[in-house]
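Engineer: Take a look and give me a structure for this.
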Amino acid sequence: MVNSLKNKKVQLWARRLHIYVSMALLLVVLFFSVTGITLNRPHLYVSEQPQVDQQTLAIPDFLFAITDDHLVVDKTKLLTYLADKTNVTGEPSSVQLFSEVEEGELVEGEVSLDYKGPGFNSTVFIDLVTKEAEIQTTHYGVIAVLNDLHKGRNSGQVWAWFIDISALLMIFFVLTGVCLLVPKKKSFSLGLKWTAFGTVISLLIYLFAVP
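Structural biologist: Residues are numbered from 1 along each chain as shown. This next block holds a predicted model:
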C-alpha cells in the first residue's frame, strides 16, 4: 500500500514536471530545431549581403605614454574610451601594439584589436602618429545571428549558461517521460523497441553513410 502511494506520487510529480518543463522549453526547442536546419542546409537560404559600417574617432593622448623609449598603452582605459565613444559591442580581443620610438619621439605606431559578437565583428585600427582610429563593423544578417546563438559562438558566458541549463532541462524532460512510461508495461515495451530501432538506424547511418 505504501509503495503504491509512493509510486503514485512519483508519477504525479513526473507528469507535472514533464508538462511544465516541456512548456518552458517550447520556444527553446523550436529555436534550436530551426537553427539546426539553417546550419545544416545553408544553401537553402538566400544569404544576406553583409552590411559594413565605418567610423573614425580621434584618440586622446592620455591613453598612451612613452617611457624609456617604449610606448605604453593603457589598455583598460582604451577599451573604456572605445565603449563610450563608439557603437562597438561584443567581446574585445587582446590589444596588438606595434611602435617605433627614437630619442623619446614616436616615429611609427599602431594598435589593432577585434570585437566579436553573434552575427557581427568589428575591427579597430589606431594610427598612433595621427591619433586617429578607424572602426569597421560587419553585420552578416539575421540568419548569421541565429546560427551563432545556436553554437554559442561569441555570445558571452550568460548565453553559454543558458544553453547548458536548456540542455539539462531537455535531459530532465526525457527522463520524466521515461518515468511516466515505466508503469505502463505495453507502452514502455513499445517505447523500448522504438528506442532500439532509432539507435540502430543512427549507428548504421554513422557507419555506412558518413564519409
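
Engineer: From here on, just use CA atoms for contacts and neighbour counts.
Structural biologist: Fine.

Engineer: quick one, what contacts Gln54?
Structural biologist: Glu134, Ile135, Gln136, Thr137 (Cα atoms under 8 Å, 6 or more residues apart in numbering).

Engineer: Tell me the helix or strand right after the helix or strand harbouring it.
Structural biologist: Secondary structure from DSSP states H and E places Gln54 in strand 51-58. Where DSSP H and E defines the elements, the next helix or strand beyond strand 51-58 is strand 64-67.

Engineer: what does that next one contact?
Structural biologist: Residues contacting strand 64-67 (Cα under 8 Å, 6+ apart): Leu71, Val72, Val73, Asp74, Gly104, Glu105, Leu106.

Engineer: Now do it: distance to the chain's middle.
Structural biologist: 37 Å (Cα atoms, centre = their mean, to the nearest Å).

Engineer: tell me the mean pLDDT over that strand?
Structural biologist: The average of the pLDDT scores along strand 64-67 is 80.

Engineer: thinking again about what came up before, which ones among the contacts of strand 64-67 lie within strands?
Structural biologist: Leu71, Val72, Val73, Glu105, Leu106 (DSSP state E).

Engineer: Contacts only, for the fourth one.
Structural biologist: Okay, so that is Glu105. Going by Cα under 8 Å, 6+ apart, Glu105 touches Ile66, Asp69.

Engineer: again with the first one
Structural biologist: Contacts for Leu71 were tallied using Cα under 8 Å, 6+ apart; they are Phe64, Ala65, Ser99, Glu100, Val101, Leu106.

Engineer: ok so Val124 is a strand residue?
Structural biologist: Yes. According to DSSP: H, G, I helix; E, B strand; the rest coil, Val124 belongs to a strand.

Engineer: For it, list each beta-bridge partner.
Structural biologist: Beta-bridge pairing for Val124 (DSSP bridges): Leu113, Ile135.

Engineer: so which of the ones in strands among the contacts of strand 64-67 comes closest to Val52?
Structural biologist: Val73 (28.0 Å; Cα to Cα).

Engineer: Not counting its neighbours along the chain, what's nearest that closest one?
Structural biologist: Sequence neighbours aside, Phe64 is the residue nearest to Val73 in space, at 4.7 Å (criterion: Cα to Cα, 6 or more residues apart in numbering).

Engineer: what do you get for Lys77?
Structural biologist: Spatially, and ignoring its direct neighbours in sequence, Lys77 is nearest to Leu63 (6.5 Å; Cα to Cα, 6+ apart).
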